[in-house]
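Visitor: Fold the following.
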Amino acid sequence: MLRLHFTADDLKRIRLLPDPDPTWEIICSICRLKTDEGPTAFGAWRDATRHRLHGDQRLRAALLPLRGLIPSSGYIPDFLTPTVGDELPAALDTIRGTPRRDIASQLVRLDTVRRRTGRPGTAPRPDDLDTAAVAGALETYFETALRPHWPRMRALVRADVDVRTRALLDGGVQAFFARLAPLARWRDPVLEVDYPVDRDVSLNGRGLLLVPSFFCWRRPTALADPALPPVLVYPVAKRPWDLAQTWGAGAARLLGRTRAAILSTVARRDGRTSSDVAHAVGVAQSSISYQIAVLRESGLVASHRTGKYVVHTATPLGLRILDAG
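Guide: Residues are numbered from 1 along each chain as shown. Sure, this is the predicted structure:
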C-alpha cells in the first residue's frame, strides 16, 4: 500500500497530465513486453513488437544500452522517467543531463533490489552507463514500438482525462479521487493506493502530478525517491473496442495495415523521411515511395524538401482519420 499524505496546500496543487507521457509509456510498455501480462490489452501489440525485434538485428543492437536497466517489475531507476510533458525530446535531454551521482545511487539500488528479490540480471556499472546512448535507445524504441499507435493512445488518454476533469468540476477533490477506485481510496487527508510495497509519502505542499498511462497495468506506479516531485502514474480504462482500434483495426480497414502504419509514423510535428519510415514500418525502401505517393494523392500526407531530404508529414485530414481510429 502506498499512502500519499496531503495538506491543504497539496490539494490546491493537484495536476493531471492531459496527454500520455512518452518516457512512462516507454518504460511501462517494455515491462509489458517482457511478460505475458494483459493478453487482451497488449497481446496483439506484444506479438507484433516481439516479431519485429526478433527479425531486425540492427534494431536489437540499437536497444542494447537499455539492457539490465528495466526489469519486468519492481524498482526501475527514476532517471528514466523525467515527467516533463508530452514532448519526448525534452525528456531525453533531461536523461542525458542526469548527474552521475544520481545515476550511481539508482543503479546501486537497482542491483541491491535484484539481489534481495532473486530477480535475474545485473544492473550496469555506473561508470559504464552512457546516458546519451540510453536516451538514443529510448528514442529508437519509441519510434519503433509506440509511434505508430501514439495517436490512438493519446485519444484514449485524453478521453480518460475528460472524465476525471468533469468529476473534479462537478464534485470536487473527493469525486475526483473516487474515480480512481478500486486502484486508490481517498481517506481524508490520505490517498491510499494499491501498490506492491508498503510506503508512506508526505507531499508537504509539493502537490501531486497524476499521469494517465496506456501501458501502465493493473495498479498505479510512482517514483521511488520521495525527494523527487511526487508523481502517480495510473492505468486508463481500455475497452475491447478501444484496443481493436488502437492496434490497427480501424485505420487499417480503410487504408490497409501498411499504409495505416506509414500514416501513423509520419504523424509527428517534424515529419519523417522515406528511409525513416521504411525503418520504422519494416517495409522495403522501394515500396515506401509508392505507398507514400498513394497517401499523398489521397490528401493524407504532405511532402516537402528540407535541405537534401524530402520530409513527409500527416495532413489535418490524415490526423483526423488516425484519431477516429
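Visitor: you'd agree Tyr234 is in a helix?
Guide: No. Tyr234 sits outside any helix when classified using DSSP: H, G, I helix; E, B strand; the rest coil, being strand.
Visitor: In this structure, which helix is the longest?
Guide: Criterion DSSP state H: the longest helix present in the chain is helix 150-178.
Visitor: Which strands or helices does it pack on?
Guide: strand 14-16, strand 184-187, strand 208-213, helix 316-324 (3 or more C-beta pairs under 8 Å, 6 or more residues apart in numbering; DSSP states H and E). C-beta: built from backbone N, CA, C; applies to glycine.
Visitor: domain assignment for this protein?
Guide: 2-17+152-235, 22-146, 250-324 (automatic domain parsing).
Visitor: how about TSV for the ones you listed, with mean pLDDT and mean neighbour count added?
Guide: Shown next, in TSV, are the domains of the chain (pLDDT from 0 to 100; neighbours: other C-beta atoms under 10 Å):
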stretch	mean pLDDT	mean neighbour count
domain 2-17+152-235	91	17
domain 22-146	88	17
domain 250-324	81	17
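Visitor: for the stretch 201-325 of the chain, what spans make up the helices?
Guide: Under the criterion DSSP state H, counting those that start in this stretch, the stretch 201-325 of the chain carries helices at the ranges 240-244, 251-255, 257-266, 274-281, 285-297, 316-324.
Visitor: picking up where we left off before, okay if I get the helices and strands packed on helix 150-178 as CSV plus distance to Thr273?
Guide: Compiled in CSV, the helices and strands packed on helix 150-178 are given as follows (distance: least, C-beta to C-beta, whole Å):
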stretch, distance to Thr273
strand 14-16, 36
strand 184-187, 44
strand 208-213, 30
helix 316-324, 17
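Visitor: and of these, who's closest to Phe79?
Guide: strand 208-213 (16.3 Å; C-beta to C-beta).
Visitor: SS state for Thr98?
Guide: Quick answer, by three-state DSSP: Thr98 is coil.
Visitor: what are the phi and psi angles of it?
Guide: phi -60, psi 130 (degrees, to the nearest 10).
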